[in-house]
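Below are the sequence and a predicted model; questions follow.
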Amino acid sequence: MLNHPTVPATAPAASGDILMSETATGQLATSGQPLVYREGGIDFSGRMVMPDGTVRGGLIYVPDWYGIYDYPLAEARRFASLGFAVMVADVYGAGVRITSDAQATQASQFLRDNPRTASRRMQAGVRAFRDVVPEAPFLAAVGFSLGGFCVLEMLRDAPLVHGAVILSGALGQPDGDYAAIETPIRFHHGTRDVVADVARVTKIVTWLEAKDCDCALTLYAGAKHAFTNPNLPSDGDGWLGYDARYAGEANAATESFLLSLKG
């Protein structure tokens, strides 16, 4: 199902995979309780943010190519305020904290070149989360940019969550392996996103729909990559930026979908 809040602008021409800086500050994470787990001989350290009251659900938040820093932790706190127990996933390894675009390029490209490694790291994080929050009645995932790639790769191999949202997904070229995905997914994507253009994302959603996957794509006319991140500039000629017209709408739709899930 394709939802169009407004008439989409002309999509940018298809391009190769582009890596970008999605944080205005690159500040390192200083909050969140660590959750350490191991995969492939490497230690990983996610960050846990718990709600004040009853746990309404569990959520794995998978951040952009800068990994764990201030913005994903702020998002984790937002979801925790809704009653979710949240883990910001670590897909790089304990002690690996990205401080430059050059580091982010190298670290993220390794995962994009090795999608099954990204999947296994995600699976390890989900299982570790389940061990420490067994009371969560259901488990969901939100993938932002690179995180969307990691979530989709995990869902190819293991349906470990009850639903997923992919925001500005830095998605790879689709192939037949996506046909195995059955988890409900909601995609939110800007029509001017050149990291994964509209044609690529639409092809993935159409493929999933043909296999009876409960999925939907909402396109935001004129929005660029990472349009929900308020730390990014909202003007200028660049292809990366916050869009106040749509960020609230996408966030509200994400929250509504997550809260509708059941175990």
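Received, thanks.

And the pLDDT at Met1?
For Met1, the pLDDT comes out at 54.

Also the one 4 residues further on?
The score at Pro5 is 43. That number is its pLDDT.

Flag the shaky bits of the stretch 1-150 of the chain, pLDDT-wise.
1-31 (pLDDT under 70).

now stretch 89-99, how far from the centre of its chain.
Relative to the centre of its chain, stretch 89-99 is centred 16 Å away, using Cα atoms, centre = their mean, to the nearest Å.

Touching it from outside, list them.
The contact list for stretch 89-99 (Cβ atoms under 8 Å, 6 or more residues apart in numbering) reads 26, 28-29, 36, 42-47, 60-63, 65-69, 104, 107, 111, 118, 121-122, 125, 146-147, 150. Backbone N, C-alpha and C define where each C-beta goes, glycine included.

just the buried members of those residues?
26, 29, 44-47, 60-63, 65-69, 104, 107, 111, 118, 121-122, 125, 146-147, 150 (16 or more other Cβ atoms under 10 Å).

Show only the entries of the contacts of stretch 89-99 found in helices.
Within these, membership in helices is found for 104, 107, 111, 118, 121-122, 125, 146-147, 150, as judged by DSSP state H.

for Pro115, phi and psi?
phi -60, psi -30 (degrees, to the nearest 10).

Can you give me the neighbour number for Ala136?
Applying other Cβ atoms under 10 Å, we find 18 residues neighbouring Ala136.

part of a strand, is it?
No - Ala136 is assigned coil when assessed by DSSP: H, G, I helix; E, B strand; the rest coil, not a strand.

right, and it touches Thr54 too?
No - look at Ala136 against Thr54 with Cβ atoms under 8 Å: they stay out of range, at 10.4 Å.

For the ones in helices among the contacts of stretch 89-99, work out which two are farthest apart.
Largest separation among the ones in helices among the contacts of stretch 89-99 by Cβ to Cβ: Ala104 and Gly125, giving 19.3 Å.

how about the helices in the protein?
Along the chain, the stretches classed as helices by DSSP H are 70-80, 101-113, 115-132, 146-157, 198-210, 244-260.

OK, contacts around the residue positioned nearest the centre of the chain?
Nearest residue to the geometric centre of the chain (Cα atoms, centre = their mean): Gly143, 1.0 Å. Contacts for Gly143 (Cβ under 8 Å, 6+ apart) come out as 62, 149-152, 164-167, 169.

How about it, nearest residue that isn't a chain neighbour?
Using Cβ to Cβ, 6 or more residues apart in numbering and skipping the chain neighbours, the partner closest in space to Gly143 is Val151 (3.5 Å).

Might one say that that neighbour is in contact with Leu160?
No - shown here, Val151 and Leu160 do not form a contact pair, counting by Cβ under 8 Å, at 10.2 Å.
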